[in-house]
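Student: okay, here's the prediction I keep looking at, along with the sequence it came from:
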Amino acid sequence: MGIRLIHTSDWQIGKVFRFLDGATMGVLQEARLAAITRIGAHAQAFGAGHVLVAGDVYDMQALSARSLNQPLERMRAFPTVTWHLIPANHDPHRPNGLWDQLVRRGLPANVQAHLARAPVALEAGAVLLPAPLFHRHTLDDPTAWMDAAETADGALRIGLAHGSVTGFGPEGVDQPNYISPLRPQTAGLAYLALGDWHRQQRIGPRCWYSGTPEPDAFDVEEGKALAVEIDGPDAPPRVEPFDTGGLRWVSLSAQLNTRADIDHLAARLRALAADLDRVLVHLEVEGALSLQDRSAFEAEIVDGVSAALCVLRVDERRLFPSPTAEDLDRIDRGGFVRAAAEELRRLGAAGGAEGALAAEALQRLYVEHMKLEAGRR
């Protein structure tokens, strides 16, 4: 008696990325759906009859009918695989809520929503113990019921839950949705499939977090899921991670002091991938640039390379202006405009909030002057 299954979690369909425009946010939302297709294809290739989704299928309760149905249609496309879903903290099961709507409308034949904490037969000799959440936060361990859950002698017991095995709050403060890392032992589980952490992590030989199949932040590893094979109740599970993500989230830093530094950064960014439109970059830059080089940075990086990337976010709080005499001469060699530029340079060198505004104003003065000069040619 054995079983093969796929363990995944934290799809968060319908997630809103507030730092993006509508078109780019659509790309990220579509990527989350595409990950479901990759999971289904891997399940078929692996010979898994079941995909366990350990919570947060949806990102929120209030979603359009289209957003609710899109993942269901992706799962429907793999009829030889049964998909097992549980509500979690982003989409808890509430009366007349999201999950009741889905059940009333009718789920695909190969999709099961587990809305009660009760054993469910997977296949001969294998039983699923799901732990749906009914509230966003609960102080009870949602897996505690598994210890006393009755199943046939010799059954292969598999737990499915969403929560944290580690408390993150101050000492003595109750951790919501806490799950005991000892649950596989106390409940006699062959495997406990967990969701909530977006990084993939082994808690013990019979307990894993799958990680999210499509990342949503720059500090999270690339999208993954788990292929699990269990020969029997007492056999240790064989767990193999596999890639599911379509987008790369990359954090970079760069020191910029010369035009050569800018050129090097542009080359570095363009070398990140063959398909740059699948790459999101958070870029931290520091250093000091002349006004001319700062304009080159805007043109070459902020306006140029960013057009090839899916997203480029630039943190330039530590990139300071270092205007040269030549910069100021390009603005004006004398008169009140030059006097104003000199005063802005002085204020900018003083630092602080006022200095930052002055530096920005000086850069803008330089850019506008260069535009004016270009228009005269």
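Tutor: Perfect, thanks for sending it. Residues are numbered from 1 along each chain as shown.

Student: any idea which element the closest residue to Leu265 other than its chain neighbours lies in?
Tutor: Spatial nearest neighbour of Leu265, chain neighbours left out: Ala254 (4.8 Å); criterion: Cβ to Cβ, 6 or more residues apart in numbering. To be clear about C-beta, it is placed using only N, CA and C from the backbone, and glycine gets the same treatment. Using DSSP states H and E, Ala254 sits in strand 248-256.

Student: quick one on the thing from earlier: who's in contact with the residue nearest to Leu265?
Tutor: Counting by Cβ atoms under 8 Å, 6 or more residues apart in numbering, Ala254 touches 261, 265, 268, 283-286.

Student: which of these has the weakest pLDDT?
Tutor: Confidence by pLDDT is poorest for Glu286 among those, given 89.

Student: quick one: the helices in the stretch 101-250 of the chain?
Tutor: Taking DSSP state H, counting those that start in this stretch, the helices of the stretch 101-250 of the chain run over residues 183-186.

Student: that older thread, could you tell me how far the strand holding Ala254 lies from the centre of the chain?
Tutor: Mean-position distance between strand 248-256 and its chain equals 17 Å (Cα atoms, centre = their mean, to the nearest Å).

Student: can you name the next helix or strand after it?
Tutor: helix 259-270.

Student: okay, the angle between that following helix and strand 248-256?
Tutor: Helix 259-270 runs at 170 degrees relative to strand 248-256, counting by axes from the mean of the first three to the mean of the last three Cα atoms, to 10 degrees.

Student: buried ones in helix 259-270, by neighbour count?
Tutor: Neighbour counts over helix 259-270 (16 or more other Cβ atoms under 10 Å) mark 261-262, 265-266, 269 as buried.

Student: shaky segments in the chain?
Tutor: The model of the chain has pLDDT under 70 over residues 1, 167-174, 323-325, 327-338, 340-342, 344-345, 347-348, 350, 355, 362-377.

Student: so how far is Ala34 from the nearest residue to Gly223 once chain neighbours are set aside?
Tutor: Excluding the flanking residues, the one nearest Gly223 by Cβ to Cβ, 6+ apart is Gly245, at 2.5 Å. Distance, Gly245 to Ala34, by Cβ to Cβ, to the nearest Å: 9 Å.

Student: could you do His114 as well?
Tutor: 25 Å.

Student: who has more neighbours out of those two?
Tutor: Higher neighbour count among His114 and Ala34: His114, with 21 against 16, using other Cβ atoms under 10 Å.

Student: how about the more buried one, phi and psi?
Tutor: Dihedral pair for His114: phi -100, psi 100, per degrees, to the nearest 10.

Student: for it, what are its contacts?
Tutor: By Cβ under 8 Å, 6+ apart, the neighbours of His114 are 84-86, 120, 128, 130, 132, 160.

Student: at 6 Å what do you get?
Tutor: Residues near His114 by Cβ atoms under 6 Å, 6 or more residues apart in numbering: 86, 130, 132.

Student: surely the first one and Pro130 touch.
Tutor: When you say that, I think you mean Ile86. Yes - under the criterion of Cβ atoms under 6 Å, Ile86 makes contact with Pro130 at 5.0 Å.

Student: intersection of neighbour lists for the two?
Tutor: Common neighbours of Ile86 and Pro130 (Cβ under 6 Å, 6+ apart) are 114, 160.

Student: in the strand holding Ala254, what counts as buried?
Tutor: Within strand 248-256, the residues scored as buried using 16+ other Cβ under 10 Å are 248-249, 254, 256.

Student: same question for stretch 211-228.
Tutor: Within stretch 211-228, the residues that count as buried by 16+ other Cβ under 10 Å are 211-216, 220, 222-228.

Student: run the chain-centre distance for it.
Tutor: Relative to its parent chain, stretch 211-228 has a centroid offset of 7 Å by Cα atoms, centre = their mean.

Student: closest to Ile13 out of the buried residues of helix 259-270?
Tutor: Within the buried residues of helix 259-270, proximity to Ile13 (Cβ to Cβ) peaks at Leu269, which comes in at 30.3 Å.

Student: ok, the nearest residue to the closest one once chain neighbours are set aside to Gly204 distance?
Tutor: Closest residue in space to Leu269, ignoring its immediate chain neighbours: Val305 at 4.8 Å, by Cβ to Cβ, 6+ apart. Per Cβ to Cβ, Val305 is found 44 Å from Gly204.

Student: quick one, which of those two is more surrounded?
Tutor: More crowded of Val305 and Gly204, by other Cβ under 10 Å: Val305, with 20 against 13.

Student: all helices for the stretch 251-377 of the chain, in order.
Tutor: Secondary structure of the stretch 251-377 of the chain, counting by DSSP H, counting those that start in this stretch: helices at 259-270, 291-297, 325-331, 335-350, 352-376.

Student: so Trp249 sits right up against Thr212, yeah?
Tutor: No - contact criterion Cβ under 6 Å: Trp249 and Thr212 do not qualify, at 11.1 Å.

Student: coming back round to it: mind putting the buried residues of helix 259-270 in CSV, distance to Pro142 included?
Tutor: Below are the buried residues of helix 259-270 laid out as CSV (distance: Cβ to Cβ, whole Å):
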residue, distance to Pro142
Asp261, 52
Ile262, 52
Leu265, 47
Ala266, 50
Leu269, 44
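
Student: what's the closest of the residues you listed to Glu240?
Tutor: Using Cβ to Cβ, Leu269 comes nearest to Glu240 of these, at 33.0 Å.

Student: roughly how far apart are that closest one and Asn96?
Tutor: Leu269 sits 49 Å away from Asn96 when distances are taken as Cβ to Cβ.

Student: same question for Asn177.
Tutor: If you measure Asn177 against Asn96 using Cβ to Cβ, the figure is 23 Å.

Student: and which of the buried residues of helix 259-270 is nearest Ser295?
Tutor: Of all the buried residues of helix 259-270, the one with the least separation from Ser295 (Cβ to Cβ) is Ile262, at 10.3 Å.
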